[in-house]
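Colleague: Mind folding the following:
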Amino acid sequence: MGARPSSFRTCVANAYNEDIEACVTRDKIEVFDEEIDGESSSKGGEKVTTGSKSRMTRYVSGEIGFVTIRPGAYYSFAEYGTDGCVHVTIKIGSNIKNANVRVANNYSVIVDKGGYIKNAVWGKMWIDIEGVDHGKKW
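Modeller: Predicted structure coming up:
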């Protein structure tokens, strides 16, 4: 799973240790925060509120076309023309981890081992723009 596919599409590569769900859209999707009583936590898609024991869960209403990507795999999303930007949203479990991350159309991203989006070098699916190779373990 080295080089970028020959068609010019936005790809999402999964270097995280479990399945992720991803969607790529031309326009931003609406993301909601839901307050939940409970212990504070900062893992997954949960966001801890400051000075409180409640936490926020980020989610989208309805299905927007998320695709499941297994660890070590990537998915090539539909083309949106030749210019402009697209928005990448990542779910881990049932919570949104990254929402509406702007990416140049027809470029690729990597979901790193922490579950965060990194821009990939053109033509190098598993190498981010800082030179880190996320594909070594695969």
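Colleague: where in this structure is pLDDT low?
Modeller: 1-8, 35-59, 61-63, 82, 138 (pLDDT under 70).
Colleague: Try it again at 80.
Modeller: 1-8, 32-64, 79-83, 136-138 (pLDDT under 80).
Colleague: the strands in it, which residues?
Modeller: Secondary structure of the chain (DSSP state E): strands at 11-14, 20-25, 32-36, 46-48, 55-59, 67-69, 74-76, 85-92, 95-104, 109-111, 117-121, 124-128.
Colleague: Please name every helix or strand in contact with the longest one.
Modeller: Contacting strand 95-104 under the criterion 3 or more Cβ pairs under 8 Å, 6 or more residues apart in numbering; DSSP states H and E are the following elements: strand 55-59, strand 85-92, strand 109-111, strand 117-121. Where C-beta positions appear, they are placed from N, C-alpha and C, glycine not excepted.
Colleague: Which secondary structure elements does the second one sit against?
Modeller: The criterion is 3+ Cβ pairs under 8 Å, 6+ apart, and the helices and strands that strand 85-92 contacts are strand 20-25, strand 95-104.
Colleague: Centre of the chain to the shortest one, how far?
Modeller: Centroid displacement of strand 20-25 relative to its chain, using Cα atoms, centre = their mean, to the nearest Å, is 6 Å.
Colleague: Could I get the helices and strands packed on strand 85-92 in TSV, plus columns for mean neighbour count?
Modeller: Listed next are the helices and strands packed on strand 85-92 as TSV, based on neighbours: other Cβ atoms under 10 Å:
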stretch	mean neighbour count
strand 20-25	22
strand 95-104	17
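Colleague: Please identify which of the ones you listed is closest to residue 128.
Modeller: For residue 128, the closest of the helices and strands packed on strand 85-92 is strand 95-104, at 12.5 Å, according to Cβ to Cβ.
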